[in-house]
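1. this one's structure only:
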């Protein structure tokens, strides 16, 4: 199975061969290429990776601000663990893998959305669970929340949240069983952007769906304005205005 993460293996060539060094230090009886060659080796290797991950999570929590934590994730932690995740996926083995899910979380945190969604799909197929601290949310809910929050941030910054917002909508409002507020927020933002583009019918469709899913989503005035604008447009087109 291929991943967009594969190209990041080049980091090992730059001297960040963390897995190999860790294995050597632990005097395990196999090389990194053999670490996932059997369930027994994989279990030992996962324990080693989780030990390193626990230490790195402590490092993250000790940093004073969000920006410094994000920088550490991008510059050091993601490169440190992505090769292991890639080899795990390619091995064909399936077992609860906290390292894989934590890498997925960090990819969403750092807005590397293509890689994040690629890995998230694998995590869902494997039935992985969220790491400690996320016990009340499954992976689907986490993904939807992460994309929704990112999309609204993009909108506020006057940048497009597409294609991720619309691409994920059929899963958010269909395939996945999520709290109604989440798909309502997806439809609301798509509707707002349609309003601004004067795509009245599209705006009405999504805003009405948002309101049907979650009446407190706060789109009533926008629906009314979109209907008025659509009626005016239709009247002008038919020459009866």
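-> Yep, it's here. Since the structure is predicted, the reported quantities are computational estimates derived from the model, not experimental observations.
2. use CA for all of it now, contacts and neighbours both
-> Will do.
3. Other residues contacting stretch 55-65?
-> Stretch 55-65 is contacted from outside by 69, 72, 77, using C-alpha atoms under 8 Å, 6 or more residues apart in numbering.
4. Filter these down to just the ones in helices.
-> Secondary structure defined by DSSP state H assigns 69, 72 of the contacts of stretch 55-65 to helices.
5. Need the contacts of stretch 55-65 in CSV (columns: distance to residue 123).
-> Below are the contacts of stretch 55-65 laid out as CSV (distance: C-alpha to C-alpha, whole Å):
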residue, distance to residue 123
69, 24
72, 23
77, 19
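6. Using JSON lines, lay out the contacts of stretch 55-65 together with pLDDT and neighbour count.
-> Rendered in JSON lines, the data for these read as follows (pLDDT from 0 to 100; neighbours: other C-alpha atoms under 10 Å):
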{"residue": "69", "pLDDT": "93", "neighbour count": "17"}
{"residue": "72", "pLDDT": "95", "neighbour count": "16"}
{"residue": "77", "pLDDT": "97", "neighbour count": "18"}
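7. nearest to residue 148, of the contacts of stretch 55-65?
-> Ranked by distance to residue 148 (C-alpha to C-alpha), the contacts of stretch 55-65 are led by residue 69 at 21.3 Å.
8. Just give the closest residue to that closest one, not the sequence neighbours.
-> Closest residue to residue 69 apart from its sequence neighbours, by C-alpha to C-alpha, 6 or more residues apart in numbering: residue 60 at 5.8 Å.
9. ok, now residue 160?
-> Here the residue nearest residue 160, using C-alpha to C-alpha, 6+ apart, is residue 154, at 6.1 Å.
10. Quick check: the gap between that neighbour and residue 37.
-> Residue 154 sits at a distance of 43 Å from residue 37 (criterion: C-alpha to C-alpha, to the nearest Å).
11. follow-up on the earlier one: measure how buried the residue nearest to residue 160 is and give me the count.
-> Residue 154: 14 surrounding residues under other C-alpha atoms under 10 Å.
12. quick one: what helix or strand has it in it?
-> Taking DSSP states H and E as the definition, residue 154 sits inside helix 139-156.
13. Same check on residue 130?
-> Counting by DSSP H and E, residue 130 is part of no helix or strand.
14. Check which helices and strands the host helix or strand of residue 89 sits against.
-> Using DSSP H and E, residue 89 maps to helix 78-91. If contacts are counted by 3 or more C-alpha pairs under 8 Å, 6 or more residues apart in numbering; DSSP states H and E, helix 78-91 sits against helix 18-26, helix 98-109.
15. tell me the angle that helix makes with helix 98-109.
-> 130 degrees (axes from the mean of the first three to the mean of the last three C-alpha atoms, to 10 degrees).
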